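Student: structure for the following, please:
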Amino acid sequence: MKISTKGRYALEIVTDLAVHSDREHPESLKAVSLRRGLSEKYLERIVRELKTAGILNSSRGAKGGYWIEKSPESLTVKDTLRAVEGEMAPVECLTTVKECGIDCSKCPTRETWGVMWEIILQTMEDVTISDLVKRAMENVGSIKTEYGRMS
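Tutor: Okay, here's the model as predicted:
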């Protein structure tokens, strides 16, 4: 399983917004882009997918911007990655019927792939955006930034 740049950036966006915004104080994508050193145009495409999945919300206008719709404690890494990556199983036969020429019941590797995938899924489910925010705060501290409230 390989997480794409889109998946990595989605986690960056959601974590950043968990730190720097809420419904009453939305954050511009430009500010996220500047803080993270990421392309604003690329982030726009990812944000659309996160909004469609109900992870982010937004408001328009001069004081508009984005915020995470769910609480950081209930939003998982798995929720966020699935919103932009779709199904991420290491082999297709774990999630869809796929004809590879080997009878699944006799496949020598399918069980191993399944065990590995379950461990990965459980880890993604166990880690919340709140956990990522805590790690970010430990790494950066509570320093006022040029483009946002507390980091």
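Student: on the pLDDT front, check the residue of the chain most remote from its centre for me.
Tutor: In the chain, residue 106 marks the outermost C-alpha relative to the chain mean, sitting 35.8 Å out by CA atoms, centre = their mean. Per-residue pLDDT puts residue 106 at 71.
Student: pLDDT of the host helix or strand of residue 67, averaged?
Tutor: Using DSSP states H and E, residue 67 sits in strand 65-68. Averaging pLDDT along strand 65-68 gives 96.
Student: contacting residues around that strand?
Tutor: Under the criterion CB atoms under 8 Å, 6 or more residues apart in numbering, residues 14, 17-18, 21-23, 25-29, 31-32, 47, 55-59, 75, 129 lie in contact with strand 65-68. All C-beta atoms are positioned from the backbone trio N, CA, C, and that covers glycine.
Student: try it again at 6 Å.
Tutor: 14, 17-18, 21-23, 26-28, 56, 58 (CB atoms under 6 Å, 6 or more residues apart in numbering).
Student: among those residues, which ones are in helices?
Tutor: 14, 17-18 (DSSP state H).
Student: which one of those residues is nearest residue 112?
Tutor: residue 14 (31.6 Å; CB to CB).
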